[in-house]
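>>> show me how the following folds:
(one chain, ligands or ions: 1)
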Amino acid sequence: EKGGFPSFMEKEIFDQPAAVADTLLGRADAEGRLTLDELRIEPEKLAKITKIVVLACGTSAYAGSVAKYAIESWCRIPVEVELSHEFRYREPIVDKNTLIVSISQSGETMDTLMAVRYAKEQGAKTLSICNTNGSTIPRESDAVLYTHAGPEIAVASTKAFLAQITATYLLGLYLAQLRGNLFSGQIKDILADLAKIPAKIQDILDRSGEIKDLARSMAESKSVLFLGRHVGYPVAMEGALKLKEIAYIHAEGFAAGELKHGPIALIEEGQPVFVVVPSPRGRDSLHSKVVSNIQEVRARGAKTLVIAENGDSAVKDYSEWVFYVPETPTLLMPLLATVPLQIFACELATAKGYDVDQPRNLAKSVTVE
Ligand code: M6R
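Predicted coordinates for the structure are as follows:
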């Protein structure tokens with residue numbers, strides 16, 4: 001059932017081209033218009049939404065953080081992303097024009113379920129992005145958009161994460177279509193870029209040996225830091241979470257711009273630092289800012305491990321190691337840049353002899369608050 005892979009986690013990492021392709025499947029008509037029929041919220045109501053609040057925990061919350069950049073850019077609707085358990089125990093401001101988007105692989109996470117129930121009581125509309133058909137959160141929500149990643153067995157979430165990002169992007173494009181924020185040609189172009197993602201993930205998987213070699217050489221690391229900006233920031237957070245969960249190594253993700261406000265004090269000789277670099281073809285200032293951040297940590301002795309786009313010639317001189325991912329628009333980059341970090345964590349934990357599918361102290365679905 002592991003399909004010849006040593007662990008479910010590795011199998012699920014390699015399932016990702018299919019997870020993204022299947023989540024995209026059948027969502028648009030022949031003219032390229034999105035048809036999210038399963039949503040069950042009347043389009044007129046969705047058109048009136050004034051605010052979106054994403055509720056989730058763990059990896060699913062990082063998918064929400066990625067989605068914020070895309071949905072705000074495409075739909076010009078403010079998007080807040082909040083951990084379900086934090087939302088639930090304050091006095092959040094939501095009303096009938098607030099759309100709550102919960103994201104959960106299992107659909108059974110108690111923290112998220114309680115937050116959704118609470119938001120519903122306050123009159124908000126609730127939409128669930130979920131990977132498990134018929135589970136509790138989608139059942140209790142007004143609307144549902146299923147991710148089609150297939151069952152995820154390993155405790156550490158991988159393919160569900162990429163499928164969640166894909167689903168939130170479909171939602172963002174649907175809202176932009178409904179509200180007239182994007183022209184149909186623009187939506188078609190983005191859908192075409194999304195359709196190319198599975199083959200690009202496959203290209204990364206085909207080169208996984210480079211990442212595994214690095215991971216094995218770093219099995220004795222005591223701490224690994226991850227930096228990113230913009231959509232690369234939640235990718236950095238996710239890279240750190242994977243390493244904590246399955247390799248039991250201290251890992252932190254930071255917004256690269258935050259370095260000089262504190263975290264740079266952590267850098268000493270030999271400290272490994274992964275840096276997720278945005279496309280040099282995207283907003284120019286973003287790329288050059290991240291390249292400066294690589295230089296800053298390197299000057300203080302960091303071992304810089306860089307994820308950059310094919311053809312990015314600016315990073316080589318400042319990196320101990322570079323892994324190139326295929327070109328894609330900046331907003332879609334997390335669907336590629338996350339994959340090497342997943343492989344890294346999986347291989348490093350395996351090298352340490354840990355059971356990557358059943359990490360200590362963790363359960364696949366957290367059904368208690
Ligand atoms: O089933 P859910 O998506 O609601 O689960 C949320 C988190 O518990 C989950 O993502 C957790 O952080 C994973 N172990 C991450 O790999």
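>>> may I have the distance across stretch 98-112, first residue to last?
17 Å (C-alpha to C-alpha, to the nearest Å).
>>> now that stretch, how far from the centre of its chain.
Its chain's C-alpha centre and that of stretch 98-112 lie 15 Å apart, by C-alpha atoms, centre = their mean, to the nearest Å.
>>> ok, that stretch near the ligand or not?
Yes. With C-beta under 6 Å from any ligand atom as the criterion, the ligand is reached by stretch 98-112 at S104, Q105, S106, T109, T112. (Each C-beta comes from the backbone N, C-alpha and C, glycine too.)
>>> just the ones of those residues in helices?
T112 (DSSP state H).
>>> list, one by one, the residues from this protein near the ligand.
57-60, 104-106, 109, 112, 155-157, 245, 362, 365-366.
>>> quick one on the thing from earlier: just put the residues of stretch 98-112 next to the ligand in JSON lines and tack on neighbour count and pLDDT.
Formatted as JSON lines, these follow (neighbours: other C-beta atoms under 10 Å; pLDDT from 0 to 100):
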{"residue": "S104", "neighbour count": "31", "pLDDT": "98"}
{"residue": "Q105", "neighbour count": "28", "pLDDT": "98"}
{"residue": "S106", "neighbour count": "21", "pLDDT": "97"}
{"residue": "T109", "neighbour count": "29", "pLDDT": "97"}
{"residue": "T112", "neighbour count": "30", "pLDDT": "98"}
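>>> show me where the stretch 51-200 of the chain has strands.
Assigned by DSSP state E, counting those that start in this stretch, the strands in the stretch 51-200 of the chain fall at 51-56, 79-83, 98-104, 125-130, 143-146.
>>> could you give the angle of the second one to strand 51-56?
Spelled out, that is strand 79-83. For strand 79-83 against strand 51-56, the angle by axes from the mean of the first three to the mean of the last three C-alpha atoms, to 10 degrees is 30 degrees.
>>> which elements pack onto strand 79-83?
Here strand 79-83 touches strand 51-56, helix 58-75, going by 3 or more C-beta pairs under 8 Å, 6 or more residues apart in numbering; DSSP states H and E.
>>> which stretch among those is buried most, on average?
Among the helices and strands packed on strand 79-83, strand 51-56 has the highest mean neighbour count (mean count of other C-beta atoms under 10 Å), at a mean of 26.
>>> now tell me what touches that one from outside.
61, 63-65, 67-68, 71, 77-84, 87, 92, 94, 97-104, 112, 115-116, 119, 124, 168 (C-beta atoms under 8 Å, 6 or more residues apart in numbering).
>>> could you check the angle it makes with strand 98-104?
Calculated by the same axes, to 10 degrees, strand 51-56 forms an angle of 20 degrees with strand 98-104.
>>> and strand 51-56, which strands flank it?
Within its sheet, and counting by DSSP bridges, strand 51-56 is paired with strand 79-83 (parallel), strand 98-104 (parallel).
>>> centre of the chain to that strand, how far?
Using C-alpha atoms, centre = their mean, the distance between the centre of strand 51-56 and that of its chain works out at 15 Å.
>>> give me the mean pLDDT for it.
Strand 51-56 carries an average pLDDT of 98.
>>> so where do the strands sit in the stretch 251-369 of the chain?
With DSSP E, counting those that start in this stretch, the ranges of strands along the stretch 251-369 of the chain come out as 272-276, 303-309, 321-325.
>>> just say which of these is most tucked in.
strand 272-276 (a mean of 26).
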